[in-house]
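*Asks:* The sequence isn't on hand, but the structure is:
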């Protein structure tokens with residue numbers, strides 16, 4: 001069984017403060033269940049295909065759905081990220097995550113916010129917007145439908161940006177309002193200007209080269225098959241899969 005554990009006791013000790021309190025009967029072994037959840041998400045399996053050593057598949061699935069809807073996995077990532085030293089440089093970017101046909105229903109429930117899945121040239125997908133530190137470790141995530149522009153993601157993440165001296169981004173984020181908003185926050189901008197600008201904008205090319213770290217971060221996240229391909233219809237549950245992968249890969 002020890003070979004199937006994904007988390008050490010020290011890592012579990014760091015995560016336990018974010019677990020919800022158990023009401024009534026004590027929960028099943030958290031380390032075993034959480035390892036099973038990680039195994040399923042990492043390998044893109046159905047819940048019923050999880051090894052029996054992790055316990056009943058129904059227990060894994062119920063814990064996953066319940067904690068996902070409670071925002072437990074998102075709090076884990078954000079909580080551990082907040083413990084890191086203050087960053088002098090942050091980065092922002094976005095990537096597309098392909099939606100499987102089982103998640104691609106666009107029917108809306110009354111009072112619901114939709115699936116956050118849209119059609120682009122690459123098919124049905126969801127766009128993941130991310131803010132990372134200088135090392136490429138994710139700090140904030142935000143998901144939209146695939147056809148939504150980078151501007152919308154930047155606008156949603158703007159208010160939650162951590163304190164920093166510099167922000168790096170590609171020319172997809174070159175907008176006067178975004179530059180002005182960052183200036184108001186006291187953040188210097190390293191963003192190449194769009195080619196159709198009448199007046200060229202200079203940027204620090206040497207500093208800009210560091211932006212490849214956020215691309216590497218996206219690549220590592222997509223090693224988790226339930227992140228690279230979206231199987232979950234519920235956007236909250238899908239974001240939980242992303243947050244869990246980021247926690248295990250970058251913050252433990």
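*Replies:* Yes, it's here. It should be emphasised that the depicted structure is a prediction, and the values quoted were computed from it without experimental measurement. Numbers count the residues shown, from 1 in each chain.

*Asks:* for residue 87, phi and psi?
*Replies:* Dihedral angles of residue 87 (phi, psi; degrees, to the nearest 10) stand at phi -90, psi 140.

*Asks:* now the one 10 residues further on
*Replies:* The phi/psi pair for residue 97 (degrees, to the nearest 10) reads phi -120, psi 120.

*Asks:* Equivalent analysis for residue 89, please.
*Replies:* Residue 89 has phi and psi values of phi -130, psi 130 when expressed as degrees, to the nearest 10.

*Asks:* Tell me, how many residues neighbour it?
*Replies:* The burial metric for residue 89, expressed as a neighbour count using other Cβ atoms under 10 Å, is 20. For every residue, glycine as well, the C-beta is placed using N, CA and C.

*Asks:* Quick check: bridge partners of it?
*Replies:* Applying DSSP bridges to residue 89 gives these bridge partners: residue 166.

*Asks:* who touches it in this structure?
*Replies:* The contact partners of residue 89, taken as Cβ atoms under 8 Å, 6 or more residues apart in numbering, are 133-134, 164-168, 207, 210.

*Asks:* Against residue 135, how distant is it?
*Replies:* Using Cβ to Cβ, to the nearest Å, one gets 9 Å for the distance from residue 89 to residue 135.

*Asks:* what do you get for residue 18?
*Replies:* Relative to residue 135, and taking Cβ to Cβ, residue 18 is found at 22 Å.

*Asks:* The two: who's more crowded?
*Replies:* A direct count of neighbours by other Cβ under 10 Å for residue 18 and residue 135 places residue 18 higher, at 18 against 15.

*Asks:* The more buried one reaches residue 70, doesn't it?
*Replies:* No: with contact taken as Cβ atoms under 8 Å, residue 18 and residue 70 are classed as non-touching, separated by 10.3 Å.

*Asks:* So what touches the helix or strand containing residue 139?
*Replies:* Using DSSP states H and E, residue 139 sits in strand 138-145. In this structure, residues lying in contact with strand 138-145 by Cβ under 8 Å, 6+ apart are 74, 77-78, 81, 90, 114-118, 126-133, 152-153, 156-157, 160-162, 217, 235, 238-239, 242-243, 246, 250.

*Asks:* let's see it at 7 Å
*Replies:* Judged by Cβ atoms under 7 Å, 6 or more residues apart in numbering, the contacts made with strand 138-145 from elsewhere in the structure are 77, 81, 116-118, 126-133, 152-153, 156-157, 160, 162, 217, 235, 239, 242-243, 246, 250.
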